[in-house]
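Asks: quick one: sequence plus predicted model below, questions after.
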Amino acid sequence: MGLVGEVEALLGRMRPVFSREAAFDWFVLVVWAFLLRLEAAGVTSVIRCLGLAASEYPNLLHFFHSTAFTAERLCSAWAEVVKDSTHSLTVDGLPLYVVDGIKVGKAGRKMPGVKRLHQESTDNTKPEYIMGHFWGAVSALVAAGRHVLAIPLRFEIQDGLKRSPTDSQTLIDKMGRLVAATVRPGGVVVADAYYVSQGFLDAVGEAGLHFIGRMRANAVAYEPAPPRAGPRRRGRPRKYGARIRLAELFDRPERFQPARVKLYGDLEDVRYRCLDLFWHGRLLRFVLSINRDGKRWILVSTNRDLSPEAILYAYGLRFKIEVSFKALVEIVSGFCYHFWLKAMAKRPRGSGNQYLHRSGEEYRERVGRKLEAYERFVNLSAIALGILQILAARCPDQVWGHFPLWLRTLPEHGCPSENVVRLTLQHELHRISLDSEPEWLLGKILARKKRSRRGADHPIAVAA
């Protein structure tokens with residue numbers, strides 16, 4: 001079938017999401033443009049990459065605001081494609097998912113949801129405060145041979161807008177709702193210390209999911225109550241025992257036992273201690289570990305059947321979503337959207353949340369439509385990144401066999417990177433002619449569009 005055929009088979013499974021054929025055609029074109037384009041620009045780069053006529057630009061803008069589909073339905077269908085096309089990474093038979101947030105700088109003063117954001121980073125090249133959007137993300141961990149990939153499932157803007165003055169939903173509440181809507185019951189959600197809260201654990205538990213995360217150093221838990229001795233007394237039996245400051249348990253290193261755990265792709269020597277303790281009314285499994293470099297973790301799991309080694313291994317894979325974020329920014333340029341709202345008054349720099357309770361119903365609908373356009377753009381780019389990752393996992397030999405360039409050092413695990421797959425796809429489309437391959441979905445769609453005679457920034461325009 002070839003790499004092009006693999007891509008088109010994945011895109012063809014998304015057809016039921018769209019109520020109109022024209023919207024599906026634009027979906028195929030936009031995803032292919034994200035896979036192939038050579039510039040980090042907005043929707044105009046789609047026109048230039050595919051060599052479309054300038055008259056198609058308004059139609060492309062309409063696609064991102066169309067009523068023929070929604071970002072939620074699109075991501076639900078994409079999650080099914082990922083499930084059927086990859087091998088989920090599991091611990092004790094439970095699939096793993098990772099959640100996190102990313103802050104994207106946006107200077108547009110007529111863009112809903114843009115607010116002043118604080119960046120918690122030790123990198124001194126990053127400013128402490130930026131104007132931008134806060135995105136929450138859910139990714140699935142999949143096995144690619146000896147390598148692990150975090151394939152994006154859903155992105156959502158989670159900050160910057162308040163529907164009413166009494167809107168008290170936090171970022172943690174919104175992430176819990178996103179996870180419940182995206183992940184099927186029976187999985188394990190892995191997150192950092194920011195999301196370890198009673199509300200998030202309640203949302204995850206109600207969705208039939210388990211949770212693994214890192215506790216803060218000042219966390220306090222309680223031992224189970226000791227068994228009652230002597231005759232029964234009046235009053236409710238004790239539920240909690242002694243109060244424990246978890247960080248103080250590291251003062252007794254002789255109670256930690258050694259183990260070899262796979263962390264960050266390598267086998268590491270660690271020492272850990274496992275305890276089942278109460279925290280906010282829940283009996284949870286706590287794993288305290290000391291890594292070889294002296295780094296200390298306090299991990300927590302809602303599934304007390306998991307072994308300490310499995311909990312350490314699962315949390316060690318949390319950084320994979322950071323790698324996925326980097327690929328989305330640098331390879332696919334997935335956050336380069338520029339949709340303005342004309343009806344919106346310019347917001348001053350340093351503004352906080354935008355309240356909509358005093359605005360009319362029509363204006364609130366326009367804001368919602370614009371946010372939907374942002375989410376469509378980012379989720380379409382995430383689907384493009386996911387396609388590159390699926391090809392890397394399913395067709396590594398085929399990718400390396402057609403890779404047109406030379407690399408000084410090949411990865412030890414053998415899985416090609418997203419950029420290697422992208423360059424191979426570009427070479428594959430340069431090699432074939434879409435006109436001579438009438439069965440290609442991309443060729444059929446391009447034949448129905450008015451093509452520019454001035455060429456494009458990609459060899460696909462020459463081949464067609």
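Replies: Arrived safely, thanks for sending. These numbers were taken from a predicted model, which means no experiment stands behind them.
Asks: contacts only, for the residue lying closest to S324 once chain neighbours are set aside.
Replies: Nearest residue to S324, sequence neighbours excluded (C-beta to C-beta, 6 or more residues apart in numbering): A150, at 4.2 Å. C-betas here are computed from N, CA, C, even on glycine. Contact analysis of A150 by C-beta atoms under 8 Å, 6 or more residues apart in numbering lists 98, 139-142, 320-321, 323-324.
Asks: make it 6 Å
Replies: Listed by C-beta atoms under 6 Å, 6 or more residues apart in numbering, the contact set of A150 reads 98, 139, 141, 320-321, 324.
Asks: quick check: I212 is in a helix.
Replies: No - remark: I212 does not belong to a helix; assigned using DSSP: H, G, I helix; E, B strand; the rest coil, it is strand.
Asks: how is the chain carved up into domains?
Replies: With automatic domain parsing as the criterion, the domains of the chain are listed as 2-192+320-463, 198-228+236-316.
Asks: I'd say A203 and G176 touch.
Replies: Yes - A203 is within contact range of G176, at 2.9 Å (criterion: C-beta atoms under 6 Å).
Asks: which one of these two is surrounded by more residues?
Replies: For A203 versus G176, neighbours defined as other C-beta atoms under 10 Å are more numerous around G176 (26 against 22).
Asks: OK, contacts around the residue lying farthest from the centre of the chain?
Replies: Distance from the centre of the chain peaks at P231, with 55.6 Å (C-alpha atoms, centre = their mean). When the contact criterion is C-beta under 6 Å, 6+ apart, P231 has no partners at all.
Asks: from P224, how far out is it?
Replies: Distance, P231 to P224, using C-beta to C-beta, to the nearest Å: 21 Å.
Asks: just V91 next, same as before
Replies: Distance of V91 to P224, computed by C-beta to C-beta: 25 Å.
Asks: between these two, which has more neighbouring residues?
Replies: V91 (22 against 14).
Asks: my read: that one touches A310, true?
Replies: Yes - look at V91 against A310 with C-beta under 6 Å: they come within range, at 4.5 Å.
Asks: longest strand in the protein, please.
Replies: strand 129-144 (DSSP state E).
Asks: average pLDDT for that strand?
Replies: Strand 129-144 carries an average pLDDT of 95.
Asks: can you pull out the helices in the stretch 301-450 of the chain?
Replies: Shown for the stretch 301-450 of the chain, the helices assigned by DSSP state H, counting those that start in this stretch span residues 308-316, 320-330, 361-394, 396-402, 418-431, 441-448.
Asks: which helices and strands sit right next to the third one?
Replies: Read that as helix 361-394. helix 21-36, helix 71-85, strand 147-157, helix 418-431 (3 or more C-beta pairs under 6 Å, 6 or more residues apart in numbering; DSSP states H and E).
Asks: before we move on, what about the shortest one?
Replies: Here helix 396-402 touches helix 418-431, going by 3+ C-beta pairs under 6 Å, 6+ apart.
Asks: cutoff 8 Å now
Replies: Here helix 396-402 touches helix 2-12, helix 418-431, going by 3 or more C-beta pairs under 8 Å, 6 or more residues apart in numbering; DSSP states H and E.
Asks: contacts for that helix, please.
Replies: By C-beta under 8 Å, 6+ apart, helix 396-402 touches 2-3, 144-145, 391-392, 414-416, 420-421, 424, 427-428.
Asks: how about that helix: buried residues?
Replies: By 16 or more other C-beta atoms under 10 Å, the buried positions in helix 396-402 come out as 396, 398-399, 402.
Asks: surely A68 and R20 touch.
Replies: Yes - counting by C-beta atoms under 8 Å, R20 is a contact partner of A68 at 4.4 Å.
Asks: who's more crowded, these two?
Replies: Neighbour tally, A68 and R20, criterion other C-beta under 10 Å: the higher count belongs to A68, 16 against 12.
Asks: let me know the pLDDT of R431.
Replies: 72.
Asks: P459 too?
Replies: pLDDT at P459 comes out at 41.
Asks: and the helix or strand where F278 lies, what's buried?
Replies: Applying DSSP states H and E as the criterion places F278 in strand 266-279. The neighbour-count check on strand 266-279 (16+ other C-beta under 10 Å) flags 268, 270-275, 277-279 as buried.
Asks: farthest-separated two in those?
Replies: Spatial extent of the buried residues of strand 266-279 (C-beta to C-beta) is set by the pair E268 and F278 at 29.9 Å.
Asks: rounded mean pLDDT for stretch 389-403, please.
Replies: So the average pLDDT for stretch 389-403 ends up being 93.
Asks: cool, and stretch 67-81?
Replies: On average, stretch 67-81 scores 96.
Asks: what does stretch 412-428 give?
Replies: 91.
Asks: show me where the stretch 101-250 of the chain has its strands.
Replies: Secondary structure of the stretch 101-250 of the chain, counting by DSSP state E, counting those that start in this stretch: strands at 115-118, 129-144, 147-157, 161-162, 188-191, 210-214, 220-224, 240-245.
Asks: buried deepest among those strands, which one?
Replies: strand 188-191 (a mean of 27; mean count of other C-beta atoms under 10 Å).
Asks: each with direction, which strands does it pair with?
Replies: strand 94-105 (parallel), strand 210-214 (parallel) (DSSP bridges).
Asks: so which of these is nearest L117?
Replies: Taking C-beta to C-beta, strand 94-105 is the member of those nearest to L117, at 4.9 Å.
Asks: check the offset of the closest one from the chain's centre.
Replies: Distance, stretch centre to chain centre, for strand 94-105: 5 Å (C-alpha atoms, centre = their mean, to the nearest Å).
Asks: go on, stretch 183-198?
Replies: Distance, centroid of stretch 183-198 to centroid of chain: 13 Å (C-alpha atoms, centre = their mean).
Asks: same thing with stretch 245-256?
Replies: The answer for stretch 245-256 is 35 Å, by C-alpha atoms, centre = their mean.
Asks: buried ones in that stretch, by neighbour count?
Replies: Going by 16+ other C-beta under 10 Å, stretch 245-256 has these buried residues: 246-247, 249-250, 256.
Asks: contacts only, for the residue nearest to F155 when sequence neighbours are not counted.
Replies: For F155, ignoring the flanking residues on the chain, the nearest one in space by C-beta to C-beta, 6+ apart is V378 at 4.7 Å. Taking C-beta under 8 Å, 6+ apart, we find V378 in contact with 135, 155, 334-335, 337.
Asks: what of G132?
Replies: Counted by C-beta under 8 Å, 6+ apart, G132 has contacts 103-106, 114-115, 117.
Asks: of the residues you listed, which is the most crowded?
Replies: Top of these by neighbour count (other C-beta under 10 Å): V114, with 25 neighbours.
Asks: quick check: pLDDT value at the closest residue to that residue other than its chain neighbours.
Replies: Computed as C-beta to C-beta, 6+ apart, the closest residue to V114 that is not its neighbour in sequence is K106, at 4.9 Å. pLDDT, K106: 91.
Asks: now A463
Replies: Listed pLDDT for A463 reads 32.
Asks: T409 too?
Replies: pLDDT recorded at T409 is 87.
Asks: you'd agree L299 is up against L312?
Replies: Yes - with contacts counted by C-beta under 8 Å, L299 reaches L312, the gap being 6.8 Å.
Asks: between these two, what contacts are shared?
Replies: Joint contacts of L299 and L312 (C-beta under 8 Å, 6+ apart) are 287, 289.
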